[in-house]
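Peer 1: Below are the sequence and a predicted model; questions follow.
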Amino acid sequence: MTERYNIKDCEAKWRAKWTETDCFKATETSDREKYYVLEMFPYPSGRIHVGHVRNYTLGDVVARYRRASGYNVLRPMGWDAFGLPAENAAIERGVHPAKWTISNTTEMREQLKSMGLAIDWDREITTCTPEYYRHEQKMFLDFLKRGIAYRKESVVNWDPVDNTVLANEQVVDGKGWRTGAPVERKSLNQWFLKITDYADDLLEGLETLDRWPEKVRTMQSNWIGKSEGLHLTLDIAGSDETLKIYTTRPDTIFGASFAAIAADHPLAKKLAGDKDGFGEFIKQCQATGTSEAAIEQAEKLGFDTGYTVQHPFLSDVQLPLYIANFILMDYGTGAIYGVPAHDQRDFDFAKKYDLPIKQVISPPAYANSDIPEHPVEEQHAMQEAYSGTGTLINSDFLNGLEIDAAKAEIIKRCEAMNIGEGTTQYRLRDWGISRQRYWGCPIPIIYCDDCGAVPVPEDQLPVTLPEDISFDKPGNPLEHHPRWKHTTCPTCSNPARRETDTFDTFFESSWYQFRYCDPHNETLPVGKDKADYWMPNGGGVDQYIGGVEHAVLHLLYARFFTRAMKTCGYVNCEEPFKGLFTQGMVTHETYQDANGKWLFPSEYEQLSDQSSAKVGPSIKMSKSKKNVIDPEDILGTYGADAARLFILSDSPPERDLEWTESGIEGAWKFVNKLHRMITQHIESLPPINAPEPSDLSAGAKDIRSAAHKAIIGVAKSIDDFAMNKAVAQIRELSNTISSFSPQTESDHWALRQSFEILIKIFNPVMPHLAEELWSQLGHETLLTNEPWPVADESLLTTDTITIGVQVNGKMRAKIDIAPDANEDTARAAALEQENVVRAIDGKAIRKFIYVPGKIVNVVAG
RNA sequence: GCGGGUGUGGCGGAAUGGUAGACGCUGCAGACUUAAAAUCUGUUGUCCGUAUGGGCGUGGGGGUUCAAGUCCCCCCACCCGCACCA
């Protein structure tokens, strides 16, 4: 009689053993190849959630598998510890942000540890400590020297609820990403990082990231939004003003029939401010601004200023100048010329205001036809703009050129005439890093009335946050602090003020990947030798894992920051994350009672009458809908291995995972089944390293063969990040082994071999159980330090396989045949099948297809 | 609107152009048990048939092929991102 598996004690025992032997400690002195596994570090909110469990389980499988496969693995963990929730807690509960944050990390560290993660905890970092943030202050000063950081007055997005500045990326549909409050515009002096200087490099770098999801690369590429075009200055008839427009289609200039400026363009009011209906029109434009545009599909509207601009190449053509609602002030110059024939928006606009539509690009279809030129009458019959390739027509000196050649030619002419220049435009803007918050890294700058903004001298770093602060008043406590901001100017020693803004918290997460390489370095963010070992030039984090919600912001900032660090000589690496995997969300059904009140899953389970409640679709877990599962409950009830197993089963990691009670129970049952299956045989197994018997039975050969195939299969699945398939193969092997009933001593020998392989290949998924069974099988070593098993090639092939026999493409029978049997053998075997004979029905065999190991197809008729 | 993705049993999902539905969940039947739980065995796409067997079946419609979930063309639905970017 075998004892029941005591999950709780057993798992704790092995975790203690790993800690004791320090087996996950990473060092730079290894002759093994390095492998750096990193998961996005958590914000210490207080408790881990199921998304963390998924994230860190995925990383753990990779880390443990790579370790076993012979790599020197670095797998660290830390805390993204600055941020607003700490201040909110301070305001709501009067607890100091530092205290709140640190106690949260204490709790969450225990929770993470209870998952049994293969982490080198000696490298733990906490970004809110001066030991961490002093280095980013230093780097900021270096950026300043190099012109990567600068200060400018700018209109910012102001969140009136959080009382803070938001980055453009943090504004969603005109509302703050966290609060949902409508964003206000406010002018402040802000610090910026010149990410735009790296725009091209960041764009080109994407092409080297072949182990990133295509989707993320596309998103970043769109975000950078590079376009090449022409800045062109046009004269406004009857005015001293000139109009600077931007176009990406300078080749179509001879097709221009109007010009248009944005409603908030400085010239709009100047030229048309006194006209009837102007104010009303502007108001209308602002109303259709942000999100409603989506709903109404915004009709193109214009307001005629009454002015015209002179066409630069056609002296008899004056283009009417409109104010138009579809022109954006913050892109390009906020002014365009409209070419209705070749831009759909311009086309819609021209139709509405009855402006000429003049075609200047002839599609390739016409080039090969007898019609030398696109007939004029068809131009008016156009139903939509043509934006495809073609040849220039109706365009004077551009006629006959292809689009690209025409672009180059017109830019050359404009530059020669001194009326324009070719330019590259980006959607990407510089990264505003100032935040009016307490709980962030202080910006090491002192303002002096005489000397201006003076960097804090390096020997005075770090500038630390004052601890005695109060959140009684709204706004930034650093502003209100009685002493902190008052200091003296490092240059002239007169009284001066400290910068009270702190860094955007994306600052900390932009370089933490380096800090893990050398977390205790007091003088540098990272020692160059350590950085070069783990993140060399051309290399980086080998596998980064996290949520797709960081596809643009965090990942773009970190790529930029890494380049900036390289520019300043800190590191040699350019791309911080060579491999990226973005996991899906964890979802759960939602429950509402008869009154529409949301219920926790546990509340629903306990309802006396479940039919009175409404069960909703499985959606992303959120506190507001109460469809959340507390990992601590799961870990406490089912153990870490079962939780890890379930979260890897079924759903491919990149897709959403539906959390179900039956699923976690199924996983738990399998953990117990494995334990039972192996322990019940332990007494009868031969000793470790017993010699291979010569008389293996067919059944014994089968399980060995299955085990060795699984070695290859599971490894490949983990390599491919198909953890669900790895789990399926583990279960398959376990099914095969458990249906084998050993009779002889040699059967038991095969059983031991298969057990050991099974344990080793499920170790990355269920490491506690694996250690336990490994030890029960009599091993003194830690399984964690054992290598991945090597598959014996000779055991991967089988004597016979089953293949299908089709008649005219329809499956009619199956035959057992040697994988390399010749065609005659296959033909004989196939035509012997009763079903095949019946299906052929006496017809002539016109063709016999035999793909060895795959299929037979008899074509009859 | 543009870009990307997904679509396979009751459900999650497998399937280098070659036995569609691996593996699991659920359900059903049975064994064990005084009983329940746990465990074990069988079964579980659908329709016709007592059955050997056969028809249908991977969002829809065409095509290529001896053979298509997979490749090509057209269409539909849903999800994600960007959203008037000149």
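Peer 2: Arrived safely.
Peer 1: When you work out contacts or count neighbours from here on, use the C-alpha atoms and nothing else.
Peer 2: Fine.
Peer 1: what's downstream of the lowest-mean-pLDDT helix or strand in chain A, the next helix or strand?
Peer 2: Across the helices and strands of chain A, mean confidence by mean pLDDT, DSSP states H and E is lowest for helix A:292-296: a mean of 39. Counting by DSSP states H and E, the next helix or strand C-terminal to helix A:292-296 is strand A:302-310.
Peer 1: near RNA strand B at all, that following strand?
Peer 2: No. Using Cα under 7 Å from any atom of the strand, strand A:302-310 stays clear of RNA strand B, with a minimum separation of 10.7 Å.
Peer 1: Packing partners of that strand?
Peer 2: strand A:227-235, helix A:266-272, strand A:318-324 (3 or more Cα pairs under 8 Å, 6 or more residues apart in numbering; DSSP states H and E).
Peer 1: Indicate which one of the ones you listed is closest to RNA strand B.
Peer 2: strand A:227-235 (5.5 Å; Cα to the nearest atom of the strand).
Peer 1: Just checking: what are the partner strands of the closest one?
Peer 2: Applying DSSP bridges, strand A:227-235 is found paired with strand A:242-247 (antiparallel), strand A:420-425 (antiparallel).
Peer 1: Distance check, A:Glu654 against RNA strand B.
Peer 2: In this structure, A:Glu654 and RNA strand B are 9 Å apart, going by Cα to the nearest atom of the strand, to the nearest Å.
Peer 1: I'd say that residue and A:Val586 touch.
Peer 2: No. Judged on Cα atoms under 8 Å, A:Glu654 makes no contact with A:Val586 at a distance of 10.7 Å.
Peer 1: Looking at those two, which one has more neighbours?
Peer 2: Using other Cα atoms under 10 Å as the criterion, A:Glu654 and A:Val586 rank with A:Val586 on top: 23 against 16.
Peer 1: List the contacts of the more buried one.
Peer 2: A:50-51, A:619-621, A:656-659 (Cα atoms under 8 Å, 6 or more residues apart in numbering).
Peer 1: List buried residues within the residues you listed.
Peer 2: Taking 16 or more other Cα atoms under 10 Å as the criterion, what is buried in these is A:50-51, A:619-621, A:657-659.
Peer 1: Rebuild those as JSON lines, extending it with secondary structure, pLDDT and distance to RNA strand B.
Peer 2: Shown next, in JSON lines, are these (DSSP: H, G, I helix; E, B strand; the rest coil; pLDDT from 0 to 100; distance: Cα to the nearest atom of the strand, whole Å):
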{"residue": "A:Val50", "secondary structure": "helix", "pLDDT": "92", "distance to RNA strand B": "16"}
{"residue": "A:Gly51", "secondary structure": "helix", "pLDDT": "92", "distance to RNA strand B": "16"}
{"residue": "A:Ile619", "secondary structure": "strand", "pLDDT": "82", "distance to RNA strand B": "10"}
{"residue": "A:Lys620", "secondary structure": "strand", "pLDDT": "84", "distance to RNA strand B": "10"}
{"residue": "A:Met621", "secondary structure": "coil", "pLDDT": "85", "distance to RNA strand B": "13"}
{"residue": "A:Leu657", "secondary structure": "strand", "pLDDT": "90", "distance to RNA strand B": "6"}
{"residue": "A:Glu658", "secondary structure": "strand", "pLDDT": "89", "distance to RNA strand B": "6"}
{"residue": "A:Trp659", "secondary structure": "coil", "pLDDT": "90", "distance to RNA strand B": "9"}
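Peer 1: Same list as before, these that is, but in CSV and with distance to A:Trp788 included.
Peer 2: Shown next, in CSV, are the buried ones among the contacts of A:Val586 (distance: Cα to Cα, whole Å):
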residue, distance to A:Trp788
A:Val50, 29
A:Gly51, 28
A:Ile619, 38
A:Lys620, 36
A:Met621, 36
A:Leu657, 28
A:Glu658, 31
A:Trp659, 31
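Peer 1: Of these, just say which sits nearest to A:Glu499.
Peer 2: A:Gly51 (37.0 Å; Cα to Cα).
Peer 1: wait, isn't the closest one in contact with A:Met585?
Peer 2: Yes. With contact defined as Cα under 8 Å, A:Gly51 counts as touching A:Met585 (6.7 Å).
Peer 1: ok, now which ones touch the residue in the stretch 151-300 of chain A positioned nearest to RNA strand B?
Peer 2: Nearest residue of the stretch 151-300 of chain A to RNA strand B, counting by Cα to the nearest atom of the strand: A:Thr247, 2.8 Å away. Residues near A:Thr247 by Cα under 8 Å, 6+ apart: A:229-231, A:336-337.
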